[in-house]
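Trainee: Below is the structure, and that's it, no one-letter string:
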């Protein structure tokens with residue numbers, strides 16, 4: 001009697017596990033990842049490919065992009081196409097999306113990951129610096145969303161994930177331009193979700209905290225910054241990793257998030273909070 005119950009329980013657990021894994025499966029789908037040569041973008045591309053997606057990597061640095069595409073192909077066996085693209089250039093974005101459709105026949109997932117800034121106090125912020133931040137962090141996402149969106153609307157399905165920052169939620173001194181641009185990206189995500197939900201398209205956003213990407217680690221080294229000191233204010237007390245952010249992006253891109261849209265998820269090690277020390 002007990003052995004039959006155990007066997008039935010094991011079979012049920014196995015079925016439940018299989019059903020759960022199916023929700024994260026991306027087989028047959030094509031994903032574009034901007035800023036895909038390093039850091040969060042590269043980790044995301046690898047993870048999506050591991051779950052069955054074919055990938056298009058877009059960024060400006062050709063050698064870096066080609067190397068990462070080869071790594072993804074070798075590690076996952078999935079197709080991975082490197083398309084050098086300056087996502088701030090409208091025509092280059094249009095060509096990148098068209099090449100994706102020409103090569104793979106479709107596009108299902110867009111990861112707007114390209115972004116960044118140079119920090120500096122508001123008193124020294126130039127118009128050029130302000131515009132550059134919005135061009136890279138918002139305008140580029142608009143270009144990509146618009147071009148990919150035409151195909152998603154036509155096929156009446158798709159997922160868009162925008163990569164924002166905790167700066168867009170809480171602000172950051174020395175980054176008025178960056179925080180404002182990332183806040184705009186979060187609202188752009190919300191409106192995209194509201195307008196395109198009727199076409200079966202979901203749009204979500206991750207607001208990233210301190211992450212030890214290759215470039216961040218090098219910047220900390222040059223500036224002689226100890227990341228352990230910087231991350232003391234977070235409950236988890238450490239920087240995140242690109243893979244940890246990629247996990248959240250994969251969730252939003254997959255059917256596991258089929259009833260979630262227009263949301264911004266903080267991936268930042270937890271909220272900073274004042275009060276009693278060591279409580």
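Mentor: Good, I have the coordinates. Nothing here was measured: the structure is a model prediction, and the numbers come from that model. Numbers count the residues shown, from 1 in each chain.
Trainee: neighbouring contacts of the host helix or strand of residue 185?
Mentor: In this assignment (DSSP states H and E), residue 185 forms part of helix 176-196. With Cβ atoms under 8 Å, 6 or more residues apart in numbering as the test, helix 176-196 has contacts from 112, 115, 117, 119, 122, 125, 129-130, 132-134, 136-138, 141-142, 145, 149, 152-153, 160, 162, 164-165, 167-169, 171-172, 201-205, 207, 261-264. C-beta here means a position set from N, CA and C on the backbone, and glycine is covered the same way.
Trainee: Just the ones of these in strands?
Mentor: Assigned to strands by DSSP state E, the following of the contacts of helix 176-196 qualify: 112, 160, 162, 164, 165, 201, 202, 203, 204, 205, 207, 264.
Trainee: biggest separation within these, which pair?
Mentor: By the measure Cβ to Cβ, 165 and 201 form the most distant pair in these, at 23.5 Å.
Trainee: And the two? Which one has more around it.
Mentor: The residue with more neighbours, out of residue 165 and residue 201, is residue 165; 27 against 23, by other Cβ atoms under 10 Å.
Trainee: quick one: that one and residue 207 touch, right?
Mentor: Yes. Assessed by Cβ atoms under 8 Å, residue 165 is found in contact with residue 207 at 6.0 Å.
Trainee: which stretches of this structure form helices?
Mentor: Applying DSSP state H to the chain gives helices spanning 2-24, 39-50, 62-76, 90-104, 127-134, 140-155, 167-170, 176-196, 214-222, 227-230, 242-253.
Trainee: contacts for the last one?
Mentor: In this case it means helix 242-253. Counting by Cβ under 8 Å, 6+ apart, 24, 26, 31, 39-40, 42-44, 46-48, 51, 109, 111, 159, 161, 163, 202, 204, 206, 208, 211-213, 257, 260, 265, 267 sit against helix 242-253.
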